[in-house]
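1. Have a look at this fold, sequence not included:
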């Protein structure tokens, strides 16, 4: 946790007027009508902080919307609409065309509508606020893991982290790694399919250990994970074999995969929806009554939280 | 209209998935349940662009929320919740305490809950996305003025513009002018009371002529206004008498008063709610079939759109 995480405490007001899930989950949930809850999430991406200076307009747009959609995915919410606050240093038609086309492509893919915005002049910065709906009381929370649950993650971890490490070392990452870093694929369908199946869920944006840690803290439980079971791409596998640097996988950011916990009697359903959605879902450990996060696999170094730039 | 207004055309997509009022009004309206529409609006305030560098944290917080609430007021929507994306150059406890206290005070006043946020490091910038609800089909739009309507404005115009002009000239404005400039009072109660009374409504953020112009353009109508009828504070009155600079009032920004149009058979209701709410509501002109905005009062200069900084 750094100073800017601490800042949140300044805004951790009690909200008595609305029946809602407040600060501390991926999205705020607001009860307005009787059937749905509204899920809303906001994220700012700043040049030089959240993406390198030479990132294309197309990739910036994709990532800005994707990281917000990923928060909806983690709640099992269905995206509805978003607003865009765009701060630009100059008026550049080509940049805007690229940005807009890419944003629209991802928005169309997830049937989410741009409903409002504001444009200002200044250092390049993009704030998107995305809103979705979920059946009342059904949202996937961080706080409802149960002892004995199996912990799953989607797809593979560490690709974006490796891409970023290579960029810092002036090595051009492979297309596959760059794709994970620049144009993450928010797991909206998976999140929706996990409603009624998973007990707890979070998206992995700050690294597996930190994000799983949120589930453990809010559920008042611990976990045991087995490093050997964490799904890795061939490139990350090779990097780990050479460097033994598991922190890239455990504390690397920008994965935007889902980490979720499932009771034993629903494991078969997870296997089925892995097939149905054609998405790899890998058991990596177990939720335990004993507090703390235990690693199996012989890597004991404490990983520092991964932060860009 | 400047380059940054033109940018909006890059994002003027057609939204087919949602039944909504798209780009071009104060808020986006989204139909999710059967009774309400959700009204949502986003605005970014940047240091050195939307407020001077020496503005207090308290004033910045107030203004950032107030300008967004003002958009809800203009629709007649009841505020529900907002998100905050805050970009800060450094971690400053005192600044954050002042910012948070002021934001909370205005939020509590309007029963609007902070439900989510993001904090990042960079040049000082505040993006607030506020959401309200309004009974379906009842929202006050820009597009529904009728020929023969009387045009009203709330309170007085030009105070914030005069404050800003004096600040630029290194004159310290009076407390009253500074209050209008730094801590505008969003007309939420008035907006709500105008539901079913006004035909069209907008908040005056970019100057009376430009904002009334939006009503005229979207309603396909014209207007005749009488300068002598525009409500002014004593200070602005004195400034105009000396300088004859009506542009301060016609094109000055940051008023955050409501401009609305009312059919003749409802004028009495406006007079009544002016008394009930203790807010000054002044008729300044008439909506006409003839296109264009005609000024009575002998001031013919074309005013340039007022822009900060």
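-> That came through, no problem. Note that the coordinates shown come from a computational prediction; the quantities given were computed from them, not determined experimentally. Numbering: from 1, shown residues only, chains lettered A, B, ... in the order given.

2. Grab the nearest non-local neighbour of residue A:204.
-> Closest residue in space to residue A:204, ignoring its immediate chain neighbours: residue A:255 at 4.3 Å, by Cβ to Cβ, 6 or more residues apart in numbering or on different chains. (Each C-beta comes from the backbone N, C-alpha and C, glycine too.)

3. Could I get the contacting residues of that neighbour?
-> When contacts are counted by Cβ atoms under 8 Å, 6 or more residues apart in numbering or on different chains, residue A:255 touches A:157-161, A:180, A:184, A:204-205, A:207-208.

4. how about TSV for those residues, with secondary structure added?
-> Below are those laid out as TSV (DSSP: H, G, I helix; E, B strand; the rest coil):
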residue	secondary structure
A:157	coil
A:158	coil
A:159	helix
A:160	helix
A:161	helix
A:180	helix
A:184	coil
A:204	strand
A:205	coil
A:207	coil
A:208	helix
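
5. can I get these in a markdown table with pLDDT?
-> Formatted as a markdown table, the contacts of residue A:255 follow (pLDDT from 0 to 100):
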| residue | pLDDT |
| --- | --- |
| A:157 | 98 |
| A:158 | 97 |
| A:159 | 97 |
| A:160 | 96 |
| A:161 | 94 |
| A:180 | 96 |
| A:184 | 97 |
| A:204 | 95 |
| A:205 | 91 |
| A:207 | 94 |
| A:208 | 96 |
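
6. closest to chain B among those residues?
-> Among the contacts of residue A:255, residue A:205 lies closest to chain B (Cβ to the nearest Cβ), at 11.4 Å.

7. wait, doesn't that closest one sit right on residue A:66?
-> No: applying Cβ atoms under 8 Å, one finds residue A:205 not in contact with residue A:66, separated by 10.5 Å.

8. count of residues packed around residue A:162?
-> Residue A:162: 26 surrounding residues under other Cβ atoms under 10 Å in any protein chain shown.

9. Show me which residues of the stretch 51-200 of chain A are close to chain B?
-> Contact residues (Cβ under 8 Å from any Cβ of the partner chain) of the stretch 51-200 of chain A with chain B: A:80-81, A:83-88, A:91, A:96-97, A:99-100, A:103-104, A:107, A:111-123, A:125, A:127, A:129, A:131, A:133.

10. quick one: which of those sit in strands?
-> Among these, the members falling in strands (DSSP state E) are A:80-81, A:83-88, A:113-121, A:125, A:127, A:129, A:131, A:133.

11. picking up where we left off before, pLDDT value on the residue nearest to residue A:204, please?
-> With respect to pLDDT, residue A:255 scores 95.

12. what helix or strand is it on?
-> Assigned by DSSP states H and E, residue A:255 falls within no helix or strand.

13. how close does it get to residue A:205?
-> 7 Å (Cβ to Cβ, to the nearest Å).

14. What count of nearby residues applies to the spatially closest residue to residue A:134 that is not a sequence neighbour?
-> Spatial nearest neighbour of residue A:134, chain neighbours left out: residue A:77 (4.3 Å); criterion: Cβ to Cβ, 6+ apart. Using other Cβ under 10 Å, residue A:77 has 32 neighbouring residues.

15. for the longest helix seen in chain A, packing partners?
-> Criterion DSSP state H: the longest helix present in chain A is helix A:57-75. Other helices and strands packing on helix A:57-75, by 3 or more Cβ pairs under 8 Å, 6 or more residues apart in numbering or on different chains; DSSP states H and E, are strand A:36-46, strand A:78-88, helix A:93-109, strand A:125-135, helix A:175-182, helix A:188-193, strand A:200-204.

16. For the stretch 101-250 of chain A, give me the ranges with low pLDDT.
-> Across the stretch 101-250 of chain A, nothing is flagged by pLDDT under 70.

17. Nearest to chain B: which residue in it?
-> For the stretch 101-250 of chain A, Cβ to the nearest Cβ, closest residue to chain B: residue A:115, 3.3 Å.

18. Quick check, that residue in contact with residue A:81.
-> Yes: look at residue A:115 against residue A:81 with Cβ under 8 Å: they come within range, at 4.4 Å.

19. since we're on the residue nearest to residue A:64 when sequence neighbours are not counted, how many residues are nearby?
-> Closest residue to residue A:64 apart from its sequence neighbours, by Cβ to Cβ, 6+ apart: residue A:126 at 4.3 Å. With neighbours defined by other Cβ under 10 Å, the count for residue A:126 comes to 25.

20. now residue A:242
-> 8.

21. Check the one 3 residues further on too.
-> By other Cβ under 10 Å, 18 other residues sit near residue A:245.

22. still on that earlier bit, got the angle for the longest helix of chain A vs helix A:175-182?
-> Computed by axes from the mean of the first three to the mean of the last three Cα atoms, to 10 degrees, the angle separating helix A:57-75 from helix A:175-182 equals 70 degrees.

23. domain parsing for chain A?
-> Domain assignment for chain A by automatic domain parsing gives A:3-135, A:150-296.

24. Residue B:300: which of these is closest?
-> Smallest distance to residue B:300 across the domains of chain A (Cβ to Cβ): 31.7 Å, for domain A:3-135.

25. among the contacts of residue A:255, who's most crowded?
-> Busiest of these [other Cβ under 10 Å] is residue A:158, holding 31 neighbours.

26. who's in contact with that one?
-> Shown in contact with residue A:158 (Cβ under 8 Å, 6+ apart): A:232-233, A:236, A:239-240, A:248-249, A:252, A:255.

27. try 6 Å
-> A:232, A:236, A:248-249, A:252 (Cβ atoms under 6 Å, 6 or more residues apart in numbering or on different chains).
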